[in-house]
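Peer 1: Following is a predicted model, sequence given first.
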Amino acid sequence: MTKLRLGVLASGRGSNLQSIIDACSVGNLPAEVAVVISDYGEAYALKRAQLSHIPAVFVDPNTFGSREDYDTAVVEVLQTYDVELVCLAGYMRLVSRKMLAAYPNKILNIHPALLPSFPGLHAQRQALEYGVKFSGCTVHFVDEGTDTGPIILQAAVPVLEGDTEDSLAARILEQEHRLYPEAIRLYALGKLVLNGRKVSVIK
Ligand code: GRF
């Protein structure tokens, strides 16, 4: 079976990247990580890629004048590695129209809240401060907004008495590591149908 070529964009520790690499290597995900790109040279995600013998590329934002120019450079790298699906995994930059045009409906993101609640930064803190009883994570297609694209999969976790930002984040992260590879698997198998902002999963 031909494998879907993934490009993972990550700015930080890369635990979601790792869950994708692991799912690809055990063979239940018909995909492979073709390249990992970061906007932060010290990102542990780059190290994880190297440890798995995956090309790891740092594209330095400081050497570009605009978001579009930066994304043009990132798209060049993605295209060099024949990437078919872009997965944002803890990527701290907003993608510009350049990237959306190069990969229309082919960019996924994972967010640590049940969207549309608590988009943007510090989603777990937002959930705790609001006082919700459940939070979770969402895998969605990326559009021009911040965490606003069509929702593919969600998983809920309870918010427990005495939770801290860290304890809630850890509970959510466990679900993220399951949910993201599953969403990529559904995409790779052609089981996601996008209709407006609704995503159906074909059985
Ligand atoms: C995750 O919580 C993800 O949902 C959010 O950023 C965090 C990245 O964690 N977008 P990691 O770098 O994958 O460990």
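Peer 2: Yep, it's here.

Peer 1: contacts, neighbours, all on C-alpha from now
Peer 2: Fine.

Peer 1: Kindly list the main-chain dihedrals of the residue lying closest to F64 once chain neighbours are set aside?
Peer 2: The shortest distance from F64 to any residue other than its chain neighbours is 5.6 Å, reached at Y70 (Cα to Cα, 6 or more residues apart in numbering). As for Y70, its main-chain torsions (degrees, to the nearest 10) stand at phi -60, psi -50.

Peer 1: For L94, see how far away Y70 is.
Peer 2: The gap separating Y70 from L94 is 11 Å, by Cα to Cα, to the nearest Å.

Peer 1: hmm, back to that, any idea how far the residue nearest to F64 lies from the ligand?
Peer 2: Separation of Y70 from the ligand (Cα to the nearest ligand atom, to the nearest Å) stands at 20 Å.

Peer 1: Check G149 too.
Peer 2: 14 Å.

Peer 1: How about L85?
Peer 2: 17 Å.

Peer 1: Pretty sure that residue sits against A31.
Peer 2: No: L85 is not in contact with A31 according to Cα atoms under 8 Å; the separation is 9.6 Å.

Peer 1: circling back to that earlier point, contacts only, for the residue nearest to F64.
Peer 2: 59, 61, 64 (Cα atoms under 8 Å, 6 or more residues apart in numbering).

Peer 1: can you pull the contacts of the second one?
Peer 2: Translated: P61. P61 makes contact with 39, 70, according to Cα under 8 Å, 6+ apart.

Peer 1: Now it: phi and psi?
Peer 2: phi -60, psi -30.

Peer 1: Quick check: residues of the protein near the ligand?
Peer 2: 12-17, 89-90, 110-112, 173 (Cα under 6 Å from any ligand atom).

Peer 1: And the contacts of Y70, which is closest to T164?
Peer 2: P61 (32.8 Å; Cα to Cα).

Peer 1: Distance of that closest one relative to E144?
Peer 2: Taking Cα to Cα as the measure, P61 falls 19 Å from E144.
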